[in-house]
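>>> Could you work out the structure for the sequence below:
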Amino acid sequence: MRIAISGHRGLRRDVEQYVNNAIRSYFVQLTPAHLVGISCLADGADQIFARAVIDAGGHLNVIVPAAQYRDALPEDSRATYDELLANAAEVVTLDHQESTSESHMDASRAMLERADQLIAVWDGEPARGYGATADVVHLAQDLGLPVTIIWPADVTR
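Numbers count the residues shown, from 1 in each chain. Okay, the predicted model is just below:
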């Protein structure tokens, strides 16, 4: 089972915990040897998902949107990014130099092209900018991929 992740960044602690528990509960039904998680390793939902994939005994595949992607991440998430990247079974770096909305959407498309389904940590609201979670959800739906949405009830960003 190849599962891609897309989700919000800058989550509150209680939402992070909810997302972590929901993803780990979802993985319980899967055979670890057959679990492949696909992520860009952004802070927030992506890193929570990637850690859960590794902890479940699955394989982590990473799509790096751009050569300068790591430098564009919040400084406090870079050590986790480095650790998760070092534990990846496969790393694909796209040809973009700069970390932009376009490179992020290209990376999301590359993830979805390799995936059987998408987990979206999404509040259901429209995208705040090109390449955001809502855009990735809509692309997955257009591609006919099943989408599992994780978001706590009655919580707004």
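>>> buried residues in stretch 82-100?
Burial within stretch 82-100, assessed by neighbour count using 16 or more other C-beta atoms under 10 Å, is assigned to Leu84, Leu85, Ala88, Leu94, His96, Ser99, Thr100. For every residue, glycine as well, the C-beta is placed using N, CA and C.
>>> right, I mislabeled it, should have said stretch 128-142
Of the residues in stretch 128-142, those with enough neighbours to count as buried (16+ other C-beta under 10 Å) are Gly131, Ala132, Thr133, Ala134, Asp135, Val136, Val137, Leu139, Ala140.
>>> Show me what it is in contact with.
Stretch 128-142 is contacted by residues 4, 6-8, 101-102, 104-105, 108-109, 112, 115, 118, 120-122, 125-127, 147, 149 when judged by C-beta atoms under 8 Å, 6 or more residues apart in numbering.
>>> can I get the buried residues of stretch 128-142 in a markdown table with distance to Ile23 and secondary structure?
Compiled in a markdown table, the buried residues of stretch 128-142 are given as follows (distance: C-beta to C-beta, whole Å; DSSP: H, G, I helix; E, B strand; the rest coil):
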| residue | distance to Ile23 | secondary structure |
| --- | --- | --- |
| Gly131 | 22 | coil |
| Ala132 | 19 | coil |
| Thr133 | 15 | helix |
| Ala134 | 19 | helix |
| Asp135 | 21 | helix |
| Val136 | 16 | helix |
| Val137 | 16 | helix |
| Leu139 | 21 | helix |
| Ala140 | 17 | helix |
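>>> Any chance of CSV for the residues you listed, columns pLDDT?
As requested, these are exported to CSV (pLDDT from 0 to 100):
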residue, pLDDT
Gly131, 85
Ala132, 92
Thr133, 95
Ala134, 95
Asp135, 96
Val136, 97
Val137, 97
Leu139, 97
Ala140, 98
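>>> ok, back up a step: quick one: which of the buried residues of stretch 82-100 is nearest to Ala72?
The shortest approach to Ala72 among the buried residues of stretch 82-100 belongs to Ser99, at 3.6 Å (C-beta to C-beta).
>>> Distance check, the closest one against Val155.
Distance check for Ser99 against Val155: by C-beta to C-beta, to the nearest Å, it reads 28 Å.
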